[in-house]
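Q: fold the following and give me the result.
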Amino acid sequence: MEGLERVERGTAERVLALLGLLQRRQVWTGPELAGQLHVTTRTVRRDVDRLRGLGYQVQAGQGTGGGYRLRPGQEVPPLLLEDDEAIAVAVALLAGAGAGVAGTGEAALAALTKLDRVLPVRLRHEVRALTSAVESFGGASVGVAADLLMTLARACRDEVEVGFDYQSGDQRQRRRVEPYRLVTSAAHWYLLGYDIDRSDWRTFRLDRMSEVAARTWRFTPRPAPDAAAHVQEGVASRAYPRQARFLVHAPAATVRNQIPARAAVVQEQNDQQCEVRAGADNLDFVLLQVALLGHEFEVIDPADLAERAAEVGRRLARAHPS
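A: Have a look, this model is predicted:
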């Protein structure tokens with residue numbers, strides 16, 4: 001931006017607009033750019049020369065099919081993104097970083113690093129607030145408003161309380177929370193925070209929030225649980241009236257590839273065994289899911305589920321034709 005100070009204000013605004021157009025599309029003809037900027041093609045040529053003088057390598061093709069383009073592969077700071085565009089890009093990259101698709105996570109994080117390097121300082125702080133406040137236990141469906149994400153991300157960064165209306169079942173209540181982290185899953189965005197009125201760590205789905213507002217007073221951060229693990233366990237187990245634990249005779253990595261992260265928590269016990277924790281309204285469904293993994297397993301608790309497994313086993317044995 002310092003170089004643009006050498007250009008008068010009105011011209012600088014037009015040159016920035018020209019740079020934005022060149023970033024938006026691969027090739028523009030002179031008349032197309034003139035029409036977009038409401039100037040003559042001669043002015044476009046002068047503004048292109050100004051961009052070149054500022055270090056931007058703008059190529060100009062000759063002839064009927066020619067046009068203007070930024071040289072491929074060139075870094076062009078500052079990146080011309082509106083506030084909502086920058087946040088949208090960051091949200092999409094964060095979702096990609098935790099999407100669980102081979103190769104996308106590392107590439108998405110690398111892209112976030114590049115985005116951070118070319119954004120103006122004002123937007124860089126906003127995007128950093130979002131990236132530092134987000135963890136993941138699976139790719140997220142980005143279905144929440146960017147301004148809601150930014151409000152909560154800033155509150156996590158600035159350590160200020162947030163208030164919001166929260167829909168839980170048939171009830172809607174006002175909650176006061178010390179926000180800690182935003183967490184993405186395979187289907188939703190969550191906020192992990194300390195519920196002031198309930199004196200406990202709670203998980204909130206962002207799509208169930210409304211009237212979200214950051215408060216003006218700060219809080220002293222408390223010792224916090226691992227955000228992604230805490231939210232995953234809540235989604236897969238604690239949120240249900242009944243929970244079960246199994247010892248599965250298979251490597252944890254193998255079982256994690258078979259069970260969605262939102263359905264169960266898988267913890268390694270040793271190279272050949274892992275513990276699976278899951279919840280449900282009816283534990284028969286969990287028992288069936290674990291049985292269908294195809295590995296030997298044992299029910300750790302509850303005791304009645306172990307009895308249920310034995311009963312189902314006897315029934316299946318009787319179903320075998322003689």
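Q: how's this structure carved up into domains?
A: According to automatic domain parsing, the chain comprises the domains 2-70, 83-223, 240-318.
Q: could I get these as a markdown table with mean neighbour count, mean pLDDT and distance to A229?
A: Placement of C-beta: from N, CA and C, glycine included. A markdown table is the format used below for those (neighbours: other Cβ atoms under 10 Å; pLDDT from 0 to 100; distance: least, Cβ to Cβ, whole Å):
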| stretch | mean neighbour count | mean pLDDT | distance to A229 |
| --- | --- | --- | --- |
| domain 2-70 | 15 | 79 | 40 |
| domain 83-223 | 17 | 77 | 7 |
| domain 240-318 | 16 | 87 | 8 |
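Q: format those as TSV; extra columns: distance to V231.
A: Compiled in TSV, the domains of the chain are given as follows (distance: least, Cβ to Cβ, whole Å):
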stretch	distance to V231
domain 2-70	37
domain 83-223	4
domain 240-318	10
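Q: out of those, which gets nearest to G234?
A: Of all the domains of the chain, domain 83-223 sits nearest to G234, with 4.6 Å by Cβ to Cβ.
Q: ranges for the strands of the stretch 201-322 of the chain?
A: Ranges of strands in the stretch 201-322 of the chain, per DSSP state E, counting those that start in this stretch, are 209-218, 242-248, 265-270, 273-280, 297-301.
Q: show me what the longest one is packed up against.
A: Meaning strand 209-218. Applying 3 or more Cβ pairs under 8 Å, 6 or more residues apart in numbering; DSSP states H and E, one finds that strand 209-218 contacts helix 146-158, strand 160-168.
Q: could you give the angle of it to strand 160-168?
A: Between the axes of strand 209-218 and strand 160-168, defined by axes from the mean of the first three to the mean of the last three Cα atoms, to 10 degrees, the angle is 160 degrees.
Q: check contacts around G30.
A: 41, 44-45, 67-68 (Cβ atoms under 8 Å, 6 or more residues apart in numbering).
Q: oh sorry, the question was meant for P225
A: Listed by Cβ under 8 Å, 6+ apart, the contact partners of P225 are 192, 201.
Q: per-residue pLDDT, it?
A: P225 is assigned 89 on the pLDDT scale.
Q: I'd like to know how far it sits from Q269.
A: In this view, P225 and Q269 are 21 Å apart by Cβ to Cβ, to the nearest Å.
Q: again, but for D170
A: 40 Å.
Q: same deal with D226?
A: When distance is defined by Cβ to Cβ, D226 is 18 Å away from Q269.
Q: V290 against E296, yeah?
A: No: V290 lies out of contact with E296 (Cβ atoms under 8 Å); the separation is 10.6 Å.
Q: find the residues that touch each one of these two.
A: V248.
Q: could you pull out the helices for this protein?
A: Here the chain has its helices, by DSSP state H, at 9-24, 30-37, 41-53, 83-97, 104-118, 121-132, 146-158, 227-233, 252-256, 283-291, 303-318.
Q: distance to D195 for the ones you listed - can I get that in TSV?
A: Converted to TSV, the helices of the chain look like this (distance: least, Cβ to Cβ, whole Å):
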stretch	distance to D195
helix 9-24	44
helix 30-37	51
helix 41-53	53
helix 83-97	25
helix 104-118	30
helix 121-132	22
helix 146-158	14
helix 227-233	13
helix 252-256	30
helix 283-291	28
helix 303-318	31
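Q: ok, which of those comes nearest R277?
A: Taking Cβ to Cβ, helix 227-233 is the member of the helices of the chain nearest to R277, at 7.0 Å.
Q: what would the closest one look like as PDB? C-alpha coordinates only.
A: What follows is helix 227-233, C-alpha atoms only, in PDB (Å, rounded to 0.1, in the frame of the first residue of the first chain):
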ATOM      1  CA  ALA A 227     -11.700 -28.700  23.000                       C
ATOM      2  CA  ALA A 228     -12.000 -31.100  20.000                       C
ATOM      3  CA  ALA A 229     -11.900 -34.200  22.200                       C
ATOM      4  CA  HIS A 230     -14.400 -32.700  24.700                       C
ATOM      5  CA  VAL A 231     -16.900 -31.700  22.000                       C
ATOM      6  CA  GLN A 232     -16.600 -35.000  20.200                       C
ATOM      7  CA  GLU A 233     -17.200 -37.000  23.400                       C
END
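Q: from the chain's centre, how far out does it sit?
A: Mean-position distance between helix 227-233 and its chain equals 15 Å (Cα atoms, centre = their mean, to the nearest Å).
Q: surely E298 and L247 touch.
A: Yes: the pair E298 / L247 is scored as a contact, 4.6 Å apart, by Cβ under 8 Å.
Q: thinking D271 is in contact with P251, fair?
A: Yes: between D271 and P251 there is a contact at 6.4 Å, judged by Cβ under 8 Å.
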